[in-house]
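**Student:** sequence first, predicted model second:
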Amino acid sequence: MKEKILEIISNYKKDKTRLMDILHDIQGVAGYVDEEAIELLHKELGISTSEVREVISFYHFYSSEPKGKVNIYLNDSITAVMHGREAVLEAFEKECDVKEGSVSEDGEFGLYHTSCIGMNDQEPAAIINGKMFTRLTPYRVKEIVKDLKNGKDIKELIYEGDGGGRNALPEIHSMVCNNIRRRGALLTHDYTPFDVTSNILGKSSPEDIISVVEESNIRGRGGAGFPTGMKWKFGRKAKGEHHVVICNADEGEPGTFKDRVLLTEFPELVFEGMVIAGYAVGADIGLLYLRYEYKYLLKYLNGVLEEMRSKNVLGNNINGIEGFNFDIRIQLGAGAYICGEESALIESLEGKRGEPRDKPPFPVEKGYMNYPTVVNNVETLASIPKILTKGADWFLGLGDKASSGTKVLSISGDCNYPGIYEVEWGTTIKDILDMSGAQNVQAIQVAGPSGALIGEKDFGRTISYSDLPTGGSMIVFNKQRDILRDVVMNFMNFFIEESCGSCSTCRNMTTVLKERFVKILDGKGVASDIDDLLNWSDVLKVSRCGLGQTAANPITTSVTNFRHLYENLIQKDVEFDSGFDLEESVKESCAAVGRQPILHNM
Amino acid sequence: MSKKVIATASLAGCFGCHMSILDIDERIIDLVELVEFNKSPVDDIKKFTKRVDVGIIEGGCCNSENVENLRYFRENCDILISLGECAIMGGLPALRNGIPIKECLEEAYLDGPTVGLNSEKIIPNDPELPMILDKVYPCHEVVKVDYYLPGCPPRADLIWDALVALLTGSEMDLPYEVIKFD
């Protein structure tokens, strides 16, 4: 094993910034990263063992403990729960004889929970040895485990057929479905790959390109909505030995899966968007950070890059443009929501824990390896070639005043037709609900857990940077759903799990809020507890990054829009109740010393 | 004006906060003019003999007796103050909160380096003993607490100023240095 690990390390030229890849490769041959490997990494890469360990422990898909031969990661996002996750989990536990969060005694199966894997329109879903399995049922679980026990190859286990579209390609061969329900400007097939590179780039200066992008008024599609043209301008202006363009494909916001579909069906658009950004910014390094959950697309995407190289859309003097050298490398993540935050993503790209950086300096000044770096979302980059082909005015003609163009939405939950819907900005929530066949709607989570939970009175509002901004996630809940116990609780658990722990506010306050929230759910709450939830949530706004700043949103938006649900649960005419239960709190110690609790007179 | 009545208790604390009360030095003579002490380790009164205006609690709750005592104070005091880090946050005793109680007890009585005299190898389980709580609780997680005086221990001047403010109904001056993080 030692030789193999040394070989892996030398494959990456002992480059410590490639630690993510090195760890993936070591896990690929050894199953996990053991002490010996950690020692070797320390010696060969020139970093301390604790630096290695802190990276391993940070990411969900790395392990310093032995795992099963087959590892099952079952998604625990709210839509999975709504579509029968519990029964699927029970089936896995029974068939594999293993409890969630552990490895079976015979070492065959490891069963773990994992945060949203981008399959909200086809839940419950699980990643089994890197392969995606969707729409699981207890029956399917039985079948899959039986086949695995009989030694069948994981690739042969898909009886559902492939998911259609390019999912059917041999390089992908996946049962994942695209579920594109509505196409607009972006998803329409009116694009000839690499047209812009061959026909427009050579004839326009980088400044010309930037000014078209600026005129189009396109804003970042990942959620924050920063004007793309302005970002490019800053990136171009900043001085550095190299310039970098990064495509953020760490789509982790629960309920979002549009980047997965864009990368499956339109990778040429995305990559050409990167090439154009590279030209405009003056970049020579291109990186696409692909979340580990989408690893099943990696081989295929690398194939597309190869094709681009062979056509000189990537490489040196691209398309004959003297001095325009640009290539793209795909970096695989390892399971961390926080890496969707651009500076955390950059840290991860440098082979470190994905902890957000202090800002300023912003990535456009000092990003990847401290080079000026432009980070754009998949959808933003995919829009660029079309904007350049059809013109800024065409793009401005779509959408509303504050937000030009279209938005690709990922709709899931209680609706008849979950999937991908491309609509113009400015569309009302009600129209979107009608499109997706949602009935009897109680609430919608707009823009994922970090967004807002809204109710009927807001269904007339529009998705827009001036009204309800969104990165694309929309989860529908009908009137049968228990909004607090199921939805808000799931989201709070998500933030607690995904907080990087760097800021004490985010590390602690998420748990403190949850405890107070649980107290209310347990019927021990009083009126002041509801106000405490709101007031304490403010503390989170001092956190360093967007995760911490929005981690209380499930609580604050549900209190604001569904206050009656909370008020129904609190004790009437009781001013104070700490929720402390003496009987409960002495149980453990009395059991440990073998005595009966005496509770009279207390 | 009748004297205000004060009571104090040390729960899961080290008595350092009580020492800090004594640190008001000669002002204690002024204090005696203003107040009378009821149940308190200072005068060793075990049970409340009258209604109390201000109860001062040092330490959090680590066992059932602390809880009982704290609830007894809440019932008998108009105003309750958490005095010092342990009462407010659990303090040093709360360091055990991340460790399962069974492990704590085993380390303390069976496995630790200082358990040589425990020849019977038992964890004390006499019914007379207070029951240990699953974790150390700050006072406000058990009863309603009206005021908090931070510090480890809170400075004597802070205690003095707070008591004077409470007893005379005047506003208290809380400069940044007193409430800053560390």
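**Tutor:** That came through fine.

**Student:** give the contact list for the residue most central in space within chain B.
**Tutor:** The residue lying closest to the centre of chain B (C-alpha atoms, centre = their mean) is residue B:58, at 1.6 Å. Going by C-beta atoms under 8 Å, 6 or more residues apart in numbering or on different chains, residue B:58 touches B:8-11, B:13, B:15-18, B:83-84, B:86-87. In this view, the C-beta of every residue, glycine as well, is placed from N, C-alpha and C.

**Student:** swap the cut-off to 10 Å and go again
**Tutor:** Residue B:58 makes contact with B:8-21, B:41, B:81-87, B:91, B:139, B:149, B:153-154, according to C-beta atoms under 10 Å, 6 or more residues apart in numbering or on different chains.

**Student:** residue B:34 too?
**Tutor:** B:1, B:3-4, B:6, B:163-164, B:167-168.

**Student:** ok, 6 Å please
**Tutor:** residue B:167 (C-beta atoms under 6 Å, 6 or more residues apart in numbering or on different chains).

**Student:** from residue B:2, how far out is it?
**Tutor:** Residue B:34 sits 11 Å away from residue B:2 when distances are taken as C-beta to C-beta, to the nearest Å.

**Student:** hmm, back to that, specify the beta-bridge partners of the residue nearest to the centre of chain B.
**Tutor:** Listed by DSSP bridges, the beta-bridge partners for residue B:58 are residue B:10, residue B:83.

**Student:** give me the pLDDT for it.
**Tutor:** Note on residue B:58: pLDDT of 98.

**Student:** just give the number of residues close to residue A:171.
**Tutor:** Residues contacting residue A:171 under the criterion other C-beta atoms under 10 Å in any protein chain shown number 15.

**Student:** I figured it hits residue A:298, correct?
**Tutor:** No. Using C-beta atoms under 6 Å, residue A:171 is not in contact with residue A:298, being 9.3 Å away.

**Student:** what about the strands in chain B?
**Tutor:** Along chain B, counting by DSSP state E, strands occupy B:4-10, B:35-37, B:52-58, B:61-63, B:77-83, B:132-137, B:147-149.

**Student:** and what about the residue nearest the centre of chain A, helix, strand or coil?
**Tutor:** Against the mean C-alpha coordinate of chain A, by C-alpha atoms, centre = their mean, the closest residue is residue A:252 at 0.8 Å. Under DSSP: H, G, I helix; E, B strand; the rest coil, residue A:252 falls in the coil class.

**Student:** please list the residues of chain A that sit near chain B.
**Tutor:** A:576, A:578, A:580, A:582, A:585-586, A:588-590, A:592-595, A:597, A:602 (C-beta under 6 Å from any C-beta of the partner chain).

**Student:** and the residues you listed, which of them are in helices?
**Tutor:** A:582, A:585-586, A:588-590, A:592-593 (DSSP state H).

**Student:** any chance of those in CSV, with distance to residue A:293 and pLDDT too?
**Tutor:** Output for those, formatted as CSV (distance: C-beta to C-beta, whole Å; pLDDT from 0 to 100):
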residue, distance to residue A:293, pLDDT
A:582, 45, 93
A:585, 40, 94
A:586, 44, 95
A:588, 38, 93
A:589, 42, 93
A:590, 45, 94
A:592, 41, 91
A:593, 46, 90
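
**Student:** export the longest helix along chain A to PDB, keeping only CA atoms.
**Tutor:** In chain A, assigned by DSSP H, the helix with the most residues is helix A:267-281. What follows is helix A:267-281 as a C-alpha-only set of coordinates in PDB (Å, rounded to 0.1, in the frame of the first residue of the first chain):
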ATOM      1  CA  PRO A 267     -21.600  21.400 -20.800                       C
ATOM      2  CA  GLU A 268     -20.400  23.000 -24.000                       C
ATOM      3  CA  LEU A 269     -22.300  26.100 -23.100                       C
ATOM      4  CA  VAL A 270     -20.900  26.200 -19.600                       C
ATOM      5  CA  PHE A 271     -17.300  25.500 -20.800                       C
ATOM      6  CA  GLU A 272     -17.500  28.000 -23.600                       C
ATOM      7  CA  GLY A 273     -18.800  30.600 -21.100                       C
ATOM      8  CA  MET A 274     -15.600  29.900 -19.100                       C
ATOM      9  CA  VAL A 275     -13.500  30.400 -22.200                       C
ATOM     10  CA  ILE A 276     -15.200  33.700 -22.900                       C
ATOM     11  CA  ALA A 277     -14.800  34.800 -19.300                       C
ATOM     12  CA  GLY A 278     -11.100  33.700 -19.600                       C
ATOM     13  CA  TYR A 279     -10.700  35.900 -22.700                       C
ATOM     14  CA  ALA A 280     -12.400  38.800 -21.100                       C
ATOM     15  CA  VAL A 281     -10.600  38.700 -17.800                       C
END
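
**Student:** quick one: that helix to chain centroid distance?
**Tutor:** Relative to the centre of its chain, helix A:267-281 is centred 22 Å away, using C-alpha atoms, centre = their mean, to the nearest Å.

**Student:** with stretch A:323-331 instead?
**Tutor:** That offset, for stretch A:323-331, works out to 24 Å (C-alpha atoms, centre = their mean).

**Student:** equivalent analysis for stretch A:31-47, please.
**Tutor:** 28 Å.

**Student:** up against chain A, what does chain B have?
**Tutor:** Residues of chain B lying near chain A (C-beta under 6 Å from any C-beta): B:64, B:67-68, B:101-102, B:105, B:123, B:125, B:131-134, B:141-142, B:144.

**Student:** which two of the residues you listed have the greatest separation?
**Tutor:** B:123 and B:144 (33.7 Å; C-beta to C-beta).

**Student:** please identify which of the two sits among more neighbours.
**Tutor:** residue B:123 (17 against 12).

**Student:** OK, contacts around the more buried one?
**Tutor:** By C-beta under 6 Å, 6+ apart, the contact list for residue B:123 reads A:593, B:105, B:109.

**Student:** out of the residues you listed, the closest to residue A:321 would be?
**Tutor:** Using C-beta to C-beta, those come closest to residue A:321 at residue B:105, 73.6 Å.

**Student:** give me the nearest residue to that closest one, chain neighbours excluded.
**Tutor:** residue B:123 (4.9 Å; C-beta to C-beta, 6 or more residues apart in numbering or on different chains).

**Student:** again with residue A:35
**Tutor:** Per C-beta to C-beta, 6+ apart, closest to residue A:35 is residue A:64, 7.9 Å.

**Student:** before we move on, what about residue A:149?
**Tutor:** In space, residue A:149 is closest to residue A:108, 7.7 Å off (C-beta to C-beta, 6+ apart).

**Student:** surely the one you found meets residue A:71?
**Tutor:** No. Using C-beta under 6 Å, residue A:108 is not in contact with residue A:71, being 10.3 Å away.

**Student:** what about these two, which has more around it?
**Tutor:** residue A:71 (20 against 16).

**Student:** work out for me the element the more buried one sits within.
**Tutor:** strand A:70-75 (DSSP states H and E).

**Student:** give me the contacts around the helix or strand following that strand.
**Tutor:** Downstream of strand A:70-75, the next assigned helix or strand under DSSP H and E is helix A:78-82. Around helix A:78-82, the neighbours that count as contacts under C-beta under 6 Å, 6+ apart are A:120, A:123-124, A:412-413, A:487, A:490.

**Student:** just the buried members of the residues you listed?
**Tutor:** Among those, those buried by neighbour count (16 or more other C-beta atoms under 10 Å in any protein chain shown) are A:120, A:123-124, A:412-413, A:487, A:490.

**Student:** number of residues surrounding whichever residue of the stretch 251-400 of chain A sits closest to chain B?
**Tutor:** Nearest to chain B in the stretch 251-400 of chain A, going by C-beta to the nearest C-beta, is residue A:358, at a distance of 18.3 Å. For residue A:358, the neighbour count with other C-beta under 10 Å is 9.
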